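1. Here you go, sequence then predicted model.
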Amino acid sequence: MTRLIEHTCGDVSIAVAPELGGALAWLRWRGDDIFRPFDPQGEKRANLCGSYPLVPWSNRIAQGEFNFSGRHWRVARNFGDHPHSLHGSGWQSEWLEQEGEENITLTLECPETDSWPWPWRATQIFALTQDSLTITLRYHNLADIPVPAGLGFHPFFADANHCEVQFSAARVWLNDDNNLPNEEIITPEKWDYRSFRAPIPSSVDNCFTHWSGEAAVRWPHRGVRATLTSDAPNAVFFIPGAERNVVAIEPVSHINNAINLFIPGSCEQAMDVVAPGSMLTLHMTVRMSDEK
């Protein structure tokens with residue numbers, strides 16, 4: 001039985017699964033699923049929950065290899081036969097609940113391992129209001145040297161087959177045959193969601209830049225809207241096949257495979273450099289409302 005920590009405020013209710021990568025098992029508003037709900041009878045993985053944390057990096061590191069500070073590093077390829085290291089290791093670790101907190105607070109402390117060559121600690125804080133959820137994700141550098149790091153959130157909005165999406169970003173990275181970014185272009189018409197439109201299944205899995213910092217999903221038949229905001233400078237927009245019935249809009253601090261494309265700390269698309277004892281922080285808020 002997977003342990004869930006539940007919390008309710010006003011019309012908003014959540015459940016968090018510390019053992020499943022600190023994932024958000026569900027987000028509901030007036031009983032409606034905003035994010036895809038965790039199935040307690042199904043396979044127990046963070047990436048089958050409503051949302052999960054991306055730490056200490058987001059998306060892919062090509063072949064699990066990169067150079068930093070004059071050295072070549074390898075990190076474990078961590079998802080079956082997938083050729084790249086995927087989404088860090090936080091989503092595959094058991095988090096601990098911080099007792100006595102007003103909000104739900106989870107922590108994860110990791111030594112130097114084959115998943116990341118430097119020690120670190122992560123914190124997640126889940127804070128509710130009457131109509132919103134805010135998740136704060138932090139990376140704490142426990143090494144005695146500056147290290148690269150990145151953060152992100154991977155929410156799956158529910159019932160994509162009956163929703164409409166609004167998402168605006170000026171530019172997007174095209175992917176090569178290995179699903180790695182290789183060219184940044186102006187966002188083409190086929191991925192133009194500046195006005196609400198139904199998501200097209202299997203049409204996009206790309207990292208967008210210069211985005212507005214806000215996206216919305218609405219379900220006209222239910223009269224519900226969810227508006228996502230974040231301080232992340234980039235966002236992955238992912239619409240899988242119709243059988244999965246979800247849309248992912250993922251605020252991320254850097255683009256896919258950034259550590260092999262940019263010097264860490266050099267731009268908004270690069271991974272950050274975190275000094276010894278310092279932190280990197282990212283926020284995501286989802287606010288629910290009636291859709292008139």
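-> Looks like it arrived, so ask away.
2. How about Glu65, nearest residue that isn't a chain neighbour?
-> Sequence neighbours aside, Arg74 is the residue nearest to Glu65 in space, at 5.4 Å (criterion: C-beta to C-beta, 6 or more residues apart in numbering). For every residue, glycine as well, the C-beta is placed using N, CA and C.
3. By mean pLDDT, flag the weakest helix or strand of the chain.
-> Counting by mean pLDDT, DSSP states H and E, the chain has its least confident helix or strand at strand 85-86, which shows a mean of 94.
4. what's downstream of it, the next helix or strand?
-> strand 96-97 (DSSP states H and E).
5. What is the helix or strand that comes right after that following strand packed up against?
-> Next in sequence after strand 96-97, counting helices and strands by DSSP H and E, comes strand 104-110. Here strand 104-110 touches strand 12-17, strand 96-97, strand 120-128, going by 3 or more C-beta pairs under 8 Å, 6 or more residues apart in numbering; DSSP states H and E.
6. what's the angle between strand 104-110 and strand 120-128?
-> Between strand 104-110 and strand 120-128, the angle comes out at 170 degrees (axes from the mean of the first three to the mean of the last three C-alpha atoms, to 10 degrees).
7. Just give me how far strand 104-110 sits from the chain centre.
-> Relative to its parent chain, strand 104-110 has a centroid offset of 16 Å by C-alpha atoms, centre = their mean, to the nearest Å.
8. Please point out which parts of that strand sit buried.
-> Using 16 or more other C-beta atoms under 10 Å as the test for burial, strand 104-110 gives Ile104, Thr105, Leu106, Thr107, Leu108, Cys110.
9. do stretch 73-81 as well
-> Trp73, Val75, Arg77, Asn78.
10. Just the C-alpha atoms of it, please, in CSV.
-> In CSV, the C-alpha atoms belonging to stretch 73-81 read as follows (Å, rounded to 0.1, in the frame of the first residue of the first chain):
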residue,chain,number,x,y,z
TRP,A,73,31.5,12.9,-16.0
ARG,A,74,29.1,10.0,-16.4
VAL,A,75,25.7,9.6,-14.7
ALA,A,76,23.5,6.5,-14.6
ARG,A,77,21.0,6.0,-17.4
ASN,A,78,18.0,5.4,-15.3
PHE,A,79,14.9,4.5,-17.3
GLY,A,80,15.1,1.0,-18.8
ASP,A,81,16.8,0.9,-22.2
